[in-house]
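Student: coordinates for the following, if possible.
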Amino acid sequence: MLKVFRCWICGETYLGEEEPTDCPYCGADREFLKAGEEYELPDVDLTEKSRENFEEALELEVDNATFYYCAYNRAKGPKTEGMFKRLAKVEAEHAEAICLYLDIEEPEIDKHIDKCSEELPKNIEDAHSRESRAIEHYRKFAEEAEEPRVQEFFEALVEIETDHLELHESELEELK
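Tutor: This next block holds a predicted model:
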């Protein structure tokens, strides 16, 4: 029998017989998946600092999604194509979730901008650098958040981006 699960971080709904190990849309850990009836839309009065941090986070996520779509378009082989495409969608999902907090329309993400290298190792290194930068920002944003839900959101993004970082490190090792 299908059950309904909603992600506390991105708000997406997952239908399945079992709860997934993490959100298949944004990558949040299982702890953030709730039974559908327990989910609440984020309704947070943002401080000016949190609003600024969300705006900066939105720029990071859109930029990273654009980069990953470029890397996907240039990838050679099903493994790296799949990895970059999924990462592009995850970053776009993060951007969409941020827009819920900011109560704004989602920005259009251009999937065909030339924003990456022709070389796979360079793209993986660039991805690693981008994820490291995002982690650094999101840790700071979590510390600065006065709102518990905002703090939880940025802490979850740190965990998700750390998983991406580990993925890139293992890919770089395979290329050596």
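
Student: any chance you could map the strands in the protein?
Tutor: 3-7, 13-16, 33-35 (DSSP state E).

Student: of these, flag the one that's most buried.
Tutor: Scoring the strands of the chain by mean neighbour count under mean count of other Cβ atoms under 10 Å gives strand 3-7 as the most buried, with a mean of 19. Placement of C-beta: from N, CA and C, glycine included.

Student: can I get the strands of the chain in JSON lines with distance to residue 44 and mean pLDDT?
Tutor: As requested, the strands of the chain are arranged in JSON lines below (distance: least, Cβ to Cβ, whole Å; pLDDT from 0 to 100):
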{"stretch": "strand 3-7", "distance to residue 44": "16", "mean pLDDT": "92"}
{"stretch": "strand 13-16", "distance to residue 44": "21", "mean pLDDT": "93"}
{"stretch": "strand 33-35", "distance to residue 44": "17", "mean pLDDT": "89"}
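
Student: select the helix or strand of the chain having the lowest average pLDDT value.
Tutor: strand 33-35 (a mean of 89; mean pLDDT, DSSP states H and E).

Student: picking up where we left off before, make CSV out of the strands of the chain and add distance to residue 174.
Tutor: Formatted as CSV, these follow (distance: least, Cβ to Cβ, whole Å):
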stretch, distance to residue 174
strand 3-7, 30
strand 13-16, 30
strand 33-35, 30
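
Student: tell me which of the ones you listed lies nearest to residue 76.
Tutor: strand 13-16 (31.3 Å; Cβ to Cβ).

Student: direction included, what does the closest one pair against?
Tutor: Using DSSP bridges, strand 13-16 pairs in its sheet with strand 3-7 (antiparallel).

Student: for the strand it pairs with, give me every contacting residue.
Tutor: By Cβ atoms under 8 Å, 6 or more residues apart in numbering, the residues outside strand 3-7 that reach it are 12-20, 23, 25-26, 28, 32-39.

Student: can you do 7 Å?
Tutor: Here strand 3-7 makes contact (Cβ atoms under 7 Å, 6 or more residues apart in numbering) with 13-17, 19, 23, 25-26, 28, 32-36, 39.

Student: do the same with stretch 83-96
Tutor: With Cβ under 7 Å, 6+ apart, stretch 83-96 has contacts from 10, 12, 25-27, 58, 61-62, 64-65, 68-69, 71-72, 75, 106-107, 109, 157, 164.

Student: quick one: buried residues of it?
Tutor: 83-85, 87-96 (16 or more other Cβ atoms under 10 Å).
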